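Student: Got a sequence here, can you build the structure:
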Amino acid sequence: MTLSSYFIQLKMENDLKFLKWQDEAQKCELKLNQHGRRITVDDTISNTNPLNKHKAVNSKAASFYNLDPEKVLQAAESAGFLPTGEFVQLNSYENRVFDIKLEKPFDPSLLNKNIIAKFYRPNRWSKAAILEEHEFLFSLKSEGIPAVAPLIQNQSSLMEVDGMYVAFFPKVLGRMPQEFLNDDLKRVGRLMAQVHNVGARKVAVERPQLDSDYYGGWQTLDNLQEWITPELRKRYTIAAEDILYAIEDTFDPSEFIRIHGDCHKGNLLSNGDQYFLVDFDDFLNGPVIQDFWMLLSGDVEFAASEREQIIAGYEELREFPEHQWSWIPLLRGLRILSYAGWIAKRWEDPSFPRLFPEFNTYRYWAEEVEALEKIAWTISAT
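Tutor: Now for the predicted structure:
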């Protein structure tokens, strides 16, 4: 997708006025959408096209959109840190993330005087769901697997500020790989096998399943109807439905384990000695292949070689489910759909109309339709 690679420094707008949710939202009952799927009150209300209706947000969201330096630094102090007052907001669409400089290292054995504060977007994850993510990270850390786990402050990895959940992480230095050379993919395969060995031990009961009802599933398709350019709506819907039905026919939930969920190059960093994983915000139960396909170049010429390297590293520690390679087109289609649904659901965030100015244009939806139809045609041909 042409918009998904944008990384833009977010700026908060403090002069926006927000309205409260309408009482009518509480009176809506569960109903079936046009695909025969049950939709919830939250999805019925929160995804209404704000270009047609005035959008309202609750007080938690208002606090999130208007985070100011004082609030960020107060949160760090409440957690027991001593910030200097200097911090930088980092690129993050979904959450608010800050690099905060401290008066002294939080760990005497370290030289790094910086920590990362992550303010979770309200109403996305429950406290239990976030703590389940943290539990997984602590399990990885305890076994020496390179993944960045949160810091424990005041006997907890999570605190609450004005209705927002906040976690603090150590700042780690690393670079996103521009390309994989030599045995890099073999090392990545070995790393993911370590993660998946831990992930296979139990189910994440508070996190979603990566199936046709996931974020990019039937509810999202229904909610997008008001956003899709009318001339393209039928084509988009047919292609998306074909993909979702194929997912239901193909994916086997018994193969799902706890996985990273959003493993692309931006979340796989290298410090020169090893690769390590960051940002488990989309941690969920899903197929192993989800943690690999976004790392691949997509170049047909190198596809076989890339797969061989990944499998070679992975199977040093764990058997690789090779049949899941055929699931990649379906996962790609699900991501295209979920990405559009995510933008629509976040449109009330003042930063999103600036970040995605083409979202409501014919050009955007024409490109999305073309991408989904290619995948749907591939599915029908197999």
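
Student: can you give me the mean pLDDT across stretch 138-149?
Tutor: Stretch 138-149 shows a mean pLDDT of 95.

Student: Repeat that for stretch 108-126.
Tutor: Mean per-residue pLDDT for stretch 108-126: 89.

Student: and the nearest residue to Leu111 once chain neighbours are set aside, what pLDDT?
Tutor: Nearest residue to Leu111, sequence neighbours excluded (CB to CB, 6 or more residues apart in numbering): Pro105, at 6.3 Å. Bear in mind the C-beta positions are built from the backbone N, C-alpha and C, glycine included. Pro105 carries a pLDDT value of 86.

Student: any idea which element the spatially most central residue of the chain lies in?
Tutor: By CA atoms, centre = their mean, the chain has its centre lying nearest to Asp282, at 4.2 Å. Using DSSP states H and E, Asp282 is not contained in any helix or strand.

Student: Pretty sure Pro177 sits against Leu185.
Tutor: No: shown here, Pro177 and Leu185 do not form a contact pair, counting by CB atoms under 8 Å, at 9.9 Å.

Student: Compare the two (neighbour count), which wins?
Tutor: Of the pair Pro177 and Leu185, Leu185 is the one with more neighbours under other CB atoms under 10 Å, namely 25 against 17.

Student: Which residues does the helix or strand in which the more buried one is found contact?
Tutor: Assigned by DSSP H and E, Leu185 belongs to helix 184-199. Around helix 184-199, the neighbours that count as contacts under CB atoms under 8 Å, 6 or more residues apart in numbering are 136, 139-140, 143, 145-147, 177, 180, 257-260, 263, 268, 274-277, 288, 291-292, 295, 306, 309-318, 320.

Student: before we move on, what about stretch 284-297?
Tutor: Looking at what lies outside stretch 284-297 - CB under 8 Å, 6+ apart - the contacts are 179-180, 185, 188, 192, 195-196, 203-204, 207-210, 214, 251, 255-265, 268, 303, 306-307, 310, 320-321, 324-325, 327-328, 331-332.

Student: try 6 Å this time
Tutor: Where contact means CB atoms under 6 Å, 6 or more residues apart in numbering, the residues beyond stretch 284-297 that reach it are 192, 196, 203-204, 207-210, 255-256, 258-261, 263-264, 306, 321, 324, 327-328, 331.

Student: Which of those residues fall within helices?
Tutor: Met192, His196, Glu306, Ile328, Leu331 (DSSP state H).

Student: got the contact list for the third one?
Tutor: This means Glu306. Contacts for Glu306 (CB under 6 Å, 6+ apart) come out as Leu185, Leu296.

Student: what about 10 Å?
Tutor: Phe180, Leu185, Phe292, Leu295, Leu296, Ser297, Gly298, Asp299 (CB atoms under 10 Å, 6 or more residues apart in numbering).

Student: could you dump those residues to JSON lines with secondary structure, pLDDT and distance to Glu348?
Tutor: Shown next, in JSON lines, are these (DSSP: H, G, I helix; E, B strand; the rest coil; pLDDT from 0 to 100; distance: CB to CB, whole Å):
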{"residue": "Phe180", "secondary structure": "coil", "pLDDT": "89", "distance to Glu348": "38"}
{"residue": "Leu185", "secondary structure": "helix", "pLDDT": "94", "distance to Glu348": "40"}
{"residue": "Phe292", "secondary structure": "coil", "pLDDT": "95", "distance to Glu348": "34"}
{"residue": "Leu295", "secondary structure": "helix", "pLDDT": "92", "distance to Glu348": "32"}
{"residue": "Leu296", "secondary structure": "coil", "pLDDT": "89", "distance to Glu348": "34"}
{"residue": "Ser297", "secondary structure": "coil", "pLDDT": "81", "distance to Glu348": "36"}
{"residue": "Gly298", "secondary structure": "coil", "pLDDT": "76", "distance to Glu348": "33"}
{"residue": "Asp299", "secondary structure": "coil", "pLDDT": "74", "distance to Glu348": "39"}
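
Student: where do the strands sit along the protein?
Tutor: Taking DSSP state E as the criterion, the chain carries its strands at 31-32, 38-39, 83-90, 96-102, 114-119, 159-161, 164-170, 257-259, 268-270, 275-277, 284-286.

Student: This completes my enquiry, with thanks.
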